[in-house]
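Engineer: sequence and predicted structure are below.
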Amino acid sequence: MRALAFSTLLATSAAPALAEQIRGTDFETGYWTGAAYTEDATGKFLYCDVSVSYTNGETLWLGLYRNDTLAVLLTHPDVRYRTGETFDAWLMLETGLPIHQDAEAWDESYAGMTLSGIDGSIDFLSAGQWLRLLGIGIDEAYDVTGIGDALAMARACHAKHSGSNPFATVAPPVAEPEVTPEAEPPVEVEPPVEVATEPTVEPPKLGTPPPMPKVPDLKPKTGGGLGTRPGGALGTPAPKPTP
């Protein structure tokens, strides 16, 4: 598997099309770079491209053309082609179903597929991290981290210069701000409820005589009639205790 180059991205001046870059249209995101191009002869918009190079000299080149096609091409320093040569090829990522169709050598360095429908092709290519284009003599899996953002910018470039959306902005996607979860309000802890308990009476010690029982006062009470509380009328409730 091939990892992305870190600091020294290889030059892509050998892009597989004779076209002239539109000044001021270059853009980049991560390790990917791209721009808009016109035909040399007519000056009419031709495509927007995006590419990434790898440490061993390979380059993955993607071109979004004005006829709603997307080219996926690879070049390898150890592989050479005959212009116009065709191959039975498979384009795949580690997820989803592969695309099986003919591939073609565009020149002695670049070969690959031309896919119909830019939007659907972008969805397919953005679904994984490892890309393989088998059948053209390059049996490697390439790290395409960031391809989704790169193709989104290339699509905006294509929309702007093809005329389908002249106001399209070619800029890296804005990262959504992180949402800090709100702190939960403190839980009020109710003070424990004191439960009145009856005083415990220690059992008498062994060999200690029990206390003498209280003997009721058999003297007649004064100051009240039968069944009355001292100093009160019959049936008067006792005062409530003060908390």
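Structural biologist: Nice, I can see it.
Engineer: report the mean per-residue pLDDT for stretch 87-94.
Structural biologist: In this model, stretch 87-94 has a mean pLDDT of 97.
Engineer: who touches it?
Structural biologist: With contact meaning CB atoms under 8 Å, 6 or more residues apart in numbering, stretch 87-94 is reached by 72, 98-105, 111-113, 115, 124-125, 127-137, 144. C-betas here are computed from N, CA, C, even on glycine.
Engineer: mind listing what's buried along it?
Structural biologist: Of the residues in stretch 87-94, 87, 89-93 count as buried by neighbour count, 16 or more other CB atoms under 10 Å.
Engineer: what does stretch 128-136 give?
Structural biologist: 128, 130-136.
Engineer: okay, how far is it across it, tip to tip?
Structural biologist: 21 Å (CA to CA, to the nearest Å).
Engineer: over to stretch 23-30?
Structural biologist: End-to-end distance of stretch 23-30 (CA to CA): 21 Å.
Engineer: now stretch 65-83
Structural biologist: Span of stretch 65-83 from end to end, CA to CA: 20 Å.
Engineer: in terms of secondary structure, what does the helix or strand hosting residue 60 contact?
Structural biologist: Assessed by DSSP states H and E, residue 60 sits inside strand 59-65. For strand 59-65, the packing partners by 3 or more CB pairs under 8 Å, 6 or more residues apart in numbering; DSSP states H and E come out as strand 45-53, strand 69-75, helix 147-162.
Engineer: tell me what the last one is packed against?
Structural biologist: When contacts are defined as 3+ CB pairs under 8 Å, 6+ apart, helix 147-162 packs onto strand 27-29, strand 32-39, strand 45-53, strand 59-65, helix 118-125.
Engineer: what is the burial count for residue 190?
Structural biologist: By other CB atoms under 10 Å, the residues close to residue 190 number 5.
Engineer: give me the pLDDT value at it.
Structural biologist: Confidence score, pLDDT, at residue 190: 71.
Engineer: what are the ranges of the strands in this structure?
Structural biologist: Along the chain, counting by DSSP state E, strands occupy 19-21, 27-29, 32-39, 45-53, 59-65, 69-75, 86-93, 99-105, 110-116, 130-134, 142-143.
Engineer: need these in TSV with distance to residue 161, can you?
Structural biologist: Below are the strands of the chain laid out as TSV (distance: least, CB to CB, whole Å):
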stretch	distance to residue 161
strand 19-21	11
strand 27-29	12
strand 32-39	5
strand 45-53	5
strand 59-65	10
strand 69-75	15
strand 86-93	26
strand 99-105	25
strand 110-116	19
strand 130-134	26
strand 142-143	27
